[in-house]
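Chemist: Make a model of this:
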Amino acid sequence: MKKINLLGTAVLAVMILTSCSNDEIVNPNSEEDNKLELFKYSFEKSNEGFLTAKESDYTANTPVVNLSADKNHCGRLFTGTSKTFTTWKGYNFKGNDTRFLGLNMGNCKGVFDGVAKKDFKLSVPLLKGKGKILFNYYRPGDFTGWGYVFKVYISKKEEKDPFKNSIIQLEPRIESSGWISYAKDLNVDLKSGDYTLYIHMVGAAAIDDISLIEKK
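Modeler: Model prediction:
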C-alpha cells in the first residue's frame with residue numbers, strides 16, 4: 001500500500017461539468033462500501049501508459065518517462081519521487097514517498113504547459129451520480145508570476161479541442177500545506193465508449209493515485 005501524508009480532513013474543490021452548474025463538495029475520506037474500480041493509475045511501477053499531449057509544449061505522443069531519463073525538463077510532465085524532483089522556492093513535493101506524475105519547475109525555471117494524456121474505455125455506461133473520480137494532488141501556490149494551472153479533464157477520444165469540449169473538468173484548489181486528497185462525484189452520464197484523461201499543469205504541481213470508480 002502506498003504511504004502518503006495527506007493534510008486536512010476535507011477538501012474544497014471547484015469542478016465544472018458541461019452538463020451541471022451546481023458543484024457538490026465531496027469528503028475525500030469517505031469510503032464506498034460497494035464499488036467497482038474502472039481504472040487506477042499509481043505510477044509506482046510504470047508511466048501507466050501516459051503520453052505527452054499535443055497541448056503540451058513538447059512533441060505530442062511521446063511516452064512519459066522517469067525524471068532521471070531526460071536532462072531537459074521543460075515542456076513536459078515526468079514521473080518521479082520527491083527526492084528526484086527539484087526543490088524550487090521552498091516547494092519540494094515532500095509528503096509523498098512514492099512515485100507520482102508532476103512538473104519539475106525547479107529544474108526548468110521557465111513557464112510552459114505540461115500536458116499528459118491516457119486513453120481508457122468504458123465497456124458499459126457510467127450513469128449520472130454513479131461515478132466518482134479520486135486522486136492525491138500537490139498544488140502549493142502560485143509563485144511563478146506566469147500563471148498557475150492544475151486541471152484534470154475527461155474528453156471523448158480524438159476530440160479536436162479536448163479542453164474546450166471536455167465532458168468533465170476538475171480544478172482542485174491551491175493548498176499550501178502540501179499533498180492532499182481529492183474526490184468528486186460525477187453528475188454527468190458517460191456513455192460506453194472511448195475516452196481520454198488529460199492532466200494539465202503550469203507551475204509546480206503533481207498528481208498521484210488517480211482512480212475512477214462506479215458506486216453500486
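
Chemist: could you pull out the strands for this structure?
Modeler: 13-17, 35-41, 51-52, 78-80, 100-103, 114-122, 131-138, 149-156, 168-172, 180-186, 193-202, 205-215 (DSSP state E).

Chemist: Can you flag the weakest of these by average pLDDT?
Modeler: Here the strands of the chain differ in mean pLDDT, and the lowest is strand 13-17 at a mean of 33.

Chemist: Please identify the buried residues of stretch 172-181?
Modeler: Judged by neighbour count (16 or more other Cβ atoms under 10 Å), stretch 172-181 contains these buried residues: 172, 175, 178, 179, 180, 181. For glycine as for every other residue, the C-beta is placed from the backbone atoms N, C-alpha and C.

Chemist: whoops, stretch 82-99 was the one
Modeler: The neighbour-count check on stretch 82-99 (16+ other Cβ under 10 Å) flags 82, 84, 85, 86, 88, 91, 92, 93, 95, 96, 98, 99 as buried.

Chemist: And stretch 112-122, by the same measure?
Modeler: 112, 113, 114, 115, 116, 117, 118, 122.

Chemist: Residue 192 reaches residue 122, doesn't it?
Modeler: Yes - under the criterion of Cβ atoms under 8 Å, residue 192 makes contact with residue 122 at 5.1 Å.

Chemist: Now do the closest residue to residue 193 other than its chain neighbours against residue 130, distance only.
Modeler: Leaving aside its chain neighbours, residue 193 sits nearest to residue 122 (6.3 Å; criterion: Cβ to Cβ, 6 or more residues apart in numbering). Distance, residue 122 to residue 130, using Cβ to Cβ, to the nearest Å: 11 Å.

Chemist: tell me the contacts of residue 99?
Modeler: 42, 43, 44, 79, 80, 81, 208 (Cβ atoms under 8 Å, 6 or more residues apart in numbering).

Chemist: Revised request: answer the last question for residue 60.
Modeler: Taking Cβ under 8 Å, 6+ apart as the criterion, residue 60 is in contact with 51, 52, 53, 54.

Chemist: Identify, from the buried residues of stretch 82-99, the entry nearest to residue 137.
Modeler: Closest approach to residue 137 among the buried residues of stretch 82-99 (Cβ to Cβ): residue 96, at 9.8 Å.

Chemist: That closest one reaches residue 82, doesn't it?
Modeler: Yes - counting by Cβ under 8 Å, residue 96 sits close enough to residue 82 to count as a contact (6.0 Å).

Chemist: Would you quantify the distance from the nearest residue to residue 70 once chain neighbours are set aside to residue 57?
Modeler: Nearest residue to residue 70, sequence neighbours excluded (Cβ to Cβ, 6+ apart): residue 78, at 7.4 Å. Going from residue 78 to residue 57 by Cβ to Cβ gives 14 Å.

Chemist: Residue 118 too?
Modeler: 19 Å.
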